[in-house]
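K.L.:
Kindly generate the corresponding structure for this input.
(2 chains)
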Protein chains: 2
Amino acid sequence: METLFRYNWMVREQWYRWCEDVPEQELLKVRTGGVGSILKTLFHVADVEWSWIQSIQGKPDFLEDFNLYQSLAQVRALDARFRHDVEGFVLDWREELERKMFDDLLPDGRVRSLAWGEVLRHVIAHEIHHMGQLSVWAREIGKAPVSANLIEKGLVFSLPGRE
Amino acid sequence: METLFRYNWMVREQWYRWCEDVPEQELLKVRTGGVGSILKTLFHVADVEWSWIQSIQGKPDFLEDFNLYQSLAQVRALDARFRHDVEGFVLDWREELERKMFDDLLPDGRVRSLAWGEVLRHVIAHEIHHMGQLSVWAREIGKAPVSANLIEKGLVFSLPGRE
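P.N.:
Residues are numbered from 1 along each chain as shown, chains lettered A, B, ... in the order given. Below you'll find the predicted structure:
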């Protein structure tokens, strides 16, 4: 579990750096698919990750308003604030939390019971999916996307290429 | 590990069904980003998944030629053939395989040592990333994409929404 979170955080950081060379109006431009813009996507994955992890623990959760985070610096600052909470939880993950249940109250009044392990995998897949969308939009603006490779990021204990 | 593979197989099947209502020329149309077309993406994820899992086990691996799989039915048939091998491996996954090493010979002659657990997570992330690309292309042709949600797919033991 931790490996995939660390992969996502690393890739997200690489996308933030990628954004540094892109004019802000390109980052905010409304595009086809996903949540609509590059910056909003990065804001969204950080927000959703934090919100799920707060919610299952019964901690305060609020969905941030993207209108208040219209610059790369603001999104990065929000992400850094969230990361503090999220990282502690993920690094403390233990097998016995897999089947701990969370009663999720839906807007229509229904309650769905979700296993913590399922929620965490949902959060992982959610981010990777959105980064795939960024990769298409990157090509649309003529810039190579961040690599989605998980290998050779030093995330596990594999050795880099050698002679 | 198994949950994320089952998630990917389920989402891939949903994309195949999604493709049934889309004209074949749209499926083959070259698009911006990724490997270039919807059908090629589905072919590619099935091919890469099988190839990695064959390779780490030291089993024969060959990269298929997409020119021989230019229809949805052909890609699905190839995928079904591959699934037989892949599913057996994934369902037999055990914790002690995590750190088993695979020496990957690169085209330039270098060898990189990869942990099996890292390779499997790479394969998982690879597919989710490409499905994110499909979701943008789906919107471009005016059709809602397959949901990327992992929750509420019955993959773990969570209960669906109830009153």
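K.L.:
Report the secondary structure element holding the closest residue to A:Tyr16 other than its chain neighbours.
P.N.:
Using Cβ to Cβ, 6 or more residues apart in numbering or on different chains and skipping the chain neighbours, the partner closest in space to A:Tyr16 is A:Arg76 (5.6 Å). The C-beta positions use only the backbone N, C-alpha and C, and glycine is treated the same way. Element membership of A:Arg76 [criterion: DSSP states H and E] is helix A:72-91.
K.L.:
And A:Asn149, by the same measure?
P.N.:
A:Asn149 belongs to no helix or strand when assigned by DSSP H and E.
K.L.:
Of all the residues in chain A, which one is nearest chain B?
P.N.:
The nearest approach of chain A to chain B comes at A:Gly132, 2.2 Å away (Cβ to the nearest Cβ).
K.L.:
and the helix or strand containing that residue, average pLDDT?
P.N.:
Assigned by DSSP H and E, A:Gly132 belongs to helix A:116-140. The average pLDDT for helix A:116-140 rounds to 97.
K.L.:
got the angle for it vs helix A:72-91?
P.N.:
Put simply, helix A:116-140 runs at 150 degrees to helix A:72-91, going by axes from the mean of the first three to the mean of the last three Cα atoms, to 10 degrees.
K.L.:
how about helix A:116-140: buried residues?
P.N.:
By neighbour count with 16 or more other Cβ atoms under 10 Å in any protein chain shown, helix A:116-140 contains the buried residues A:116-139.
K.L.:
Who are the packing partners of that helix?
P.N.:
Secondary-structure packing of helix A:116-140 (3 or more Cβ pairs under 8 Å, 6 or more residues apart in numbering or on different chains; DSSP states H and E): helix A:2-20, helix A:38-56, strand A:101-105, helix B:2-20, helix B:116-140.
K.L.:
Dump those into CSV; add distance to A:Ser147 as well.
P.N.:
CSV is the format used below for the helices and strands packed on helix A:116-140 (distance: least, Cβ to Cβ, whole Å):
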stretch, distance to A:Ser147
helix A:2-20, 8
helix A:38-56, 17
strand A:101-105, 33
helix B:2-20, 19
helix B:116-140, 10
